[in-house]
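Trainee: 3D model of this:
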Amino acid sequence: MDIARASIKRRLVVLFICAMITLGGVAAYFTIGKLEDPAFTIKTAVISIVYPGSTTYEVEREAASRMEDAVQAMGEVKELRTRCAPGMATLYVDIKDEYTAADLPQIWNVLRQKVYDEESNLPSGCSVYINNDYGDVFGQYYALTGDGFTMRELWEYADFLKQQLVLVPGVSRVSILGEQTEAIYVEFSTSRLRSLGISPGAIFSVLNNQNTISSMGKTFYGEQYVTINPTGGILSVEDIGDVVVSGGNGRFIRLREVANIRRDYVDPQSMMMFFNGRPSLGIGIATVTGGNVVTMGEAVTKRLEELETRRPIGMELDEIYMQSEGVVNSVHDFVVNLLESLVIVVGVLLIFMGLRSGLLIGVVLLLTVAGTLMIMNYSGIFLQQVSLAALIIALGSLVDNAIVVTEGMLVGVQRGQSTEDAASETVTGSVWAMLGGTFIAVLAFAPIGLSPDSTGEFCRSLLQVVAISMMLSWLLAITATPAIGTFMLKPAKQEGDPYDKFLFRIYRAFLEGCLRYRFITVVAVLGLFAFSVLGFMQLDKTFFPDSTAMYFVADLWKRQGTSINAQKEMTMELAQRLQSWDGIKNVTATIGGGNLRFMLTYSPPDSSASFSELLVELKEDEDPVALLNETQRIINEEMPGVEGICKLFAKGSGMAASIGARFYGEDPLVLRNLAEQAKAIMEDDPIHNCVRIDWRDRVPVFRPQIRKDRMQSLGLTRPDINNAILTATTGYTVGAFRDGDKTLAIRLGLTPDERNKIESLLSYPIWAPAAGESVPLGTIVSDLETVYEDDILMRRDRQRVITVESDVKKGATPSAMQERIQAKIEAIPLPPGYSFKWGGEKENEANAMGGM
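Mentor: Numbering: from 1, shown residues only. Below is the predicted model of the structure:
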């Protein structure tokens with residue numbers, strides 16, 4: 001079939017189709033979904049097991065290992081990562097790469113069933129929670145602050161915004177970060193209780209029973225069946241004070257007469273957030289799956305403006321991160337790059353091929369881009385950094401087919417042929433060669449786009465967009481180019497051979513010389529190839545480049561076991577120093593944990609009182625690397641006792657350490673010894689940055705040595721002793737107070753001047769049922785020892801594993817450090833039963849290369 005001649009004869013139809021492609025492309029540009037990163041599915045669910053009162057090893061042995069056995073039985077599980085800490089275990093369940101987003105809902109249902117079935121086998125008191133929304137991205141991220149407002153007042157307004165914003169079209173979830181937990185404190189003095197003959201157990205019993213919800217009676221009242229709901233419940237903090245407890249000699253005393261009752265924030269808190277030095281709450285807004293971030297962002301902004309009158313005077317809602325603005329900027333940059341590319345391409349063509357030929361190829365290029373956008377919109381491929389990069393990469397190749405046809409038509413016309421004959425001859429002679437070349441160009445991206453691992457999913461639109469645009473360029477080259485060329489390429493016969501020109505003559509002479517001296521040509525080509533390979537080996541390699549976002553993060557650790565208040569003091573000192581710099585716009589500090597997942601490549605760190613994070617936003621035109629390096633210098637040189645790492649965000653990868661050395665085994669002491677050897681090797685490397693062990697430090701634990709015979713003779717149990725110690729320290733939860741939709745714990749404890757004093761702990765009175773009176777805790781404690789235990793324990797696939805992690809100095813590459821330390825660390829002798837494996841970028845690269 002003569003495609004070119006058919007297109008010319010039906011050029012009105014072809015031109016109409018081109019017009020529709022143009023209109024469709026313009027419409028698609030304004031309606032296509034827009035994201036910052038590809039719609040990448042984080043195939044991870046988080047299982048949290050709360051086991052109050054357990055040590056790290058108890059929660060590992062009695063809860064985590066049992067749940068691991070149940071979850072690992074699922075064939076869909078790729079890897080199981082577990083973090084054990086006192087009273088809590090967190091399991092990260094990673095699903096195999098071959099499962100798609102469409103498969104996950106069913107997989108999560110199976111996971112829930114497995115977890116709930118196993119929950120009944122866990123020790124009494126365990127609570128299990130499942131989060132399969134771990135990968136949600138809260139692209140609109142705000143900080144709510146207010147001088148003179150309490151954290152409760154801030155939360156009430158944040159909760160109001162949550163209820164309003166979740167109704168905005170395109171919003172899937174609204175999450176609040178940094179809420180300060182409140183409790184009702186019932187504080188007493190031991191001397192006061194002793195003088196009145198009241199035991200702490202009596203207060204516990206009456207508070208625990210007074211506000212318990214129980215079934216209510218019903219009776220017939222005429223034709224109605226009426227509920228009988230008596231009063232007497234605790235409805236306010238004042239009601240707690242009216243509760244009556246029995247004292248010595250049969251007296252009854254109101255609780256307010258023997259205890260101070262107050263509503264206050266729990267101390268210590270588990271999480272705190274500050275924005276530019278002011279206490280704040282974070283409000284994150286996530287887009288629905290497949291939603292348009294830009295449209296959602298505009299709708300949220302509009303709704304916030306409508307709610308402006310409802311915001312209390314003095315409260316401020318500041319932007320921390322706006323994904324919609326980043327997407328708009330990315331799309332704007334693409335349009336600028338596209339226009340620049342068009343100008344360059346058309347300009348070069350105008351110089352070498354003439355005005356008409358250059359304009360013809362430029363028109364076909366615009367048609368190709370418009371058609372690509374239209375097909376992307378129809379296929380559900382969003383505009384994001386990978387698809388935009390694919391379009392820009394393909395721009396230089398999209399003109400190749402059009403150039404072949406245009407140049408062939410131009411030469412034919414110059415030889416005296418009609419445009420129709422010239423087009424027919426050119427297309428007929430090269431249509432399949434152009435298709436083969438185009439197909440080969442597309443196949444160059446296939447290993448990445450078809451890779452089954454997470455890298456392939458992230459970069460899949462690279463292959464899709466290149467394939468759409470390249471194949472469309474071929475189709476338009478053999479149809480639209482001849483049809484439009486009949487209008488733009490007019491017959492104008494020239495004397496002589498069209499190829500008998502200066503540049504053509506030079507090129508012909510060069511080719512003839514290469515053919516004449518074939519041996520020299522082949523040797524030269526092989527030499528250039530060898531030189532290229534050697535040059536490639538000298539290139540620095542990194543798995544993904546850094547992002548251009550004007551942000552960086554600083555992760556800070558003090559010694560494990562540090563209180564959150566000490567961590568806060570250190571963090572705020574650094575935050576205030578950064579705020580004083582001219583190039584810094586905003587500093588968001590989170591103590592006890594990280595931020596919400598505000599971008600796809602950011603993974604919130606595990607919670608810990610000795611961890612904090614600074615999210616630093618820079619002003620426009622500032623150099624992020626210079627400010628990051630200065631911050632890193634301050635941490636390394638001016639903050640003794642603090643480990644810290646400053647990082648830019650990366651494209652396509654998370655914030656995990658660049659280098660990781662994992663040791664697997666059973667004995668914690670042996671694992672720590674192996675880790676220390678690897679740590680020493682890493683610290684000897686000149687470009688290392690913040691070498692750390694994920695188990696952190698062993699922490700001191702006060703261990704009262706209980707006299708079991710004395711304990712049993714007094715009728716006491718270990719829970720009785722633990723509850724007494726809780727009352728003397730942080731406070732013992734004895735009930736719940738319901739305030740609207742919030743439930744506050746009622747904590748029984750000593751007055752602030754008696755609480756948390758280890759030296760007076762043994763004198764605390766504990767009720768002994770067998771004796772019928774309170775006895776000092778010291779009567780059943782023979783000694784108070786101080787021991788050191790592991791506060792954090794990590795596991796992978798049901799094995800204990802300790803990881804030594806390191807990043808590299810800015811400007812250096814992890815691969816360079818990896819090459820220097822690899823043989824040394826692999827040479828560390830391993831005891832029988834222990835194994836070693838690399839993590840970090842080396843593992844990620846191996847997975848990605850294996851998939852490709």
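Trainee: okay, and for the chain, where does confidence drop off?
Mentor: 1, 210-214, 232-233, 248-249, 491-498, 540-546, 652-654, 848-852 (pLDDT under 70).
Trainee: Just the buried positions in the longest helix seen in it, please.
Mentor: Using DSSP state H to assign secondary structure, the helix with the most residues in the chain is helix 323-353. When neighbours are counted by 16 or more other C-beta atoms under 10 Å, the buried residues of helix 323-353 are found to be 323-328, 330-331, 334, 338, 341-342, 345-346, 349-350, 353. Glycine gets a C-beta too; all of them are placed from N, C-alpha and C.
Trainee: what's the answer for stretch 222-237, then?
Mentor: 234, 237.
Trainee: try stretch 97-105
Mentor: Under the neighbour-count criterion of 16+ other C-beta under 10 Å, stretch 97-105 has 97, 99, 104 buried.
Trainee: Roughly how far does residue 393 sit from residue 441?
Mentor: If you measure residue 393 against residue 441 using C-beta to C-beta, to the nearest Å, the figure is 11 Å.
Trainee: same deal with residue 363?
Mentor: Residue 363 is 22 Å from residue 441, by C-beta to C-beta.
Trainee: repeat for residue 149
Mentor: Shown here: residue 149 relative to residue 441, a distance of 60 Å by C-beta to C-beta.
Trainee: Burial check on the closest residue to residue 579 other than its chain neighbours, number of neighbours?
Mentor: Here the nearest residue to residue 579 in space, its sequence neighbours aside, is residue 587; by C-beta to C-beta, 6 or more residues apart in numbering that works out to 5.3 Å. For residue 587, the tally of surrounding residues (other C-beta atoms under 10 Å) stands at 22.
Trainee: Helix, strand or coil: sort out residue 587 for me.
Mentor: Under the three-state scheme (DSSP: H, G, I helix; E, B strand; the rest coil), the conformation of residue 587 reads as strand.
Trainee: and it, what does it touch?
Mentor: By C-beta atoms under 8 Å, 6 or more residues apart in numbering, the residues touching residue 587 are 275-277, 575, 578-579, 614-617.
Trainee: Buried ones from those residues, can you make that a ChimeraX selection?
Mentor: This is the ChimeraX syntax for the buried subset of those, where burial follows 16+ other C-beta under 10 Å:
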select :275,276,575,578,614,615,616,617
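Trainee: Filter the contacts of residue 587 down to the ones in strands?
Mentor: 275, 614-617 (DSSP state E).
Trainee: Now flag whichever of those is closest to residue 431.
Mentor: residue 617 (53.4 Å; C-beta to C-beta).
Trainee: Quick check: the nearest residue to residue 274 once chain neighbours are set aside vs residue 577, distance?
Mentor: Take residue 274 and drop its neighbours on the chain: the residue closest to it by C-beta to C-beta, 6+ apart is residue 589, 4.4 Å away. Applying C-beta to C-beta, one obtains 12 Å for the distance of residue 589 from residue 577.
Trainee: ok, these two, which is more surrounded?
Mentor: Under the criterion of other C-beta under 10 Å, the comparison of residue 589 against residue 577 puts residue 589 first, with 26 against 14.
Trainee: Quick check, the more buried one in contact with residue 575.
Mentor: Yes. Taking C-beta atoms under 8 Å as the definition, residue 589 is a contact partner of residue 575 at 4.8 Å.
Trainee: shared neighbours of the two, which are they?
Mentor: When C-beta under 8 Å, 6+ apart defines a contact, the residues bordering residue 589 and residue 575 alike are 274, 614.
Trainee: Enumerate the positions of stretch 720-732 that are buried.
Mentor: When burial is assessed from 16+ other C-beta under 10 Å, stretch 720-732 yields the following buried residues: 720-721, 723-729, 731-732.
Trainee: And the helices in the stretch 201-350 of the chain, which stretches?
Mentor: Per DSSP state H, counting those that start in this stretch, the stretch 201-350 of the chain carries helices over the ranges 237-241, 293-306, 323-353.
Trainee: quick one: contacts of the shortest one?
Mentor: With contacts defined as C-beta under 8 Å, 6+ apart, helix 237-241 is touched by 184, 186, 207, 233-234, 254-256, 261-263, 737, 746.
Trainee: Distance check, residue 270 against residue 167.
Mentor: Note on residue 270: its distance to residue 167, by C-beta to C-beta, is 30 Å.
Trainee: who has more neighbours, these two?
Mentor: Neighbour totals were compared for residue 270 and residue 167, and residue 270 leads with 14 against 9 (other C-beta under 10 Å).
Trainee: which non-adjacent residue is nearest that one?
Mentor: residue 592 (5.5 Å).
Trainee: And for the one you found, the neighbour number?
Mentor: Using other C-beta under 10 Å, residue 592 has 22 other residues around it.
Trainee: distance of residue 482 from residue 335?
Mentor: For residue 482, the distance to residue 335 (C-beta to C-beta) stands at 29 Å.
Trainee: Same check on residue 295?
Mentor: Residue 295 sits 18 Å away from residue 335, taking C-beta to C-beta as the criterion.
Trainee: do residue 551 as well
Mentor: 24 Å.
Trainee: Pull the contacting residues for the residue nearest to residue 274.
Mentor: Contact criterion C-beta under 8 Å, 6+ apart gives 273-275, 571-572, 575, 612-615 as the residues in contact with residue 589.
Trainee: and the host helix or strand of residue 366, what does it pack onto?
Mentor: Using DSSP states H and E, residue 366 sits within helix 355-379. Applying 3 or more C-beta pairs under 8 Å, 6 or more residues apart in numbering; DSSP states H and E, we find helix 355-379 packed against helix 11-31, helix 323-353, helix 385-398, helix 400-414, helix 460-488.
Trainee: can you give me the angle the second one makes with helix 400-414?
Mentor: Translated: helix 323-353. Between the direction of helix 323-353 and that of helix 400-414, the angle (axes from the mean of the first three to the mean of the last three C-alpha atoms, to 10 degrees) works out to 20 degrees.
Trainee: now helix 323-353, how far from the chain's geometric center?
Mentor: From the chain centre to the centre of helix 323-353 is a distance of 31 Å (C-alpha atoms, centre = their mean, to the nearest Å).
Trainee: One more: the shortest one?
Mentor: Using C-alpha atoms, centre = their mean, the mean C-alpha position of helix 385-398 is found 26 Å from that of the whole chain.
Trainee: go on, the fourth one?
Mentor: Here helix 400-414 is found 51 Å from its chain centre; the criterion is C-alpha atoms, centre = their mean.
Trainee: hang on, the earlier thing: quick one: buried ones out of the contacts of helix 237-241?
Mentor: Of those, these count as buried by 16+ other C-beta under 10 Å: 184, 186, 207, 234, 255, 261, 737, 746.
Trainee: ok, residue 591 - contacts?
Mentor: Residues counted as contacts of residue 591 (C-beta under 8 Å, 6+ apart) are 271-274, 564, 567-568, 571, 611-612.
Trainee: Where do the helices of the stretch 451-600 of the chain begin and end?
Mentor: Going by DSSP H, counting those that start in this stretch, the stretch 451-600 of the chain shows helices at 454-458, 460-488, 502-516, 518-538, 564-579.
Trainee: Now tabulate those in TSV and tack on distance to residue 155.
Mentor: Below are those laid out as TSV (distance: least, C-beta to C-beta, whole Å):
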stretch	distance to residue 155
helix 454-458	36
helix 460-488	40
helix 502-516	73
helix 518-538	56
helix 564-579	19
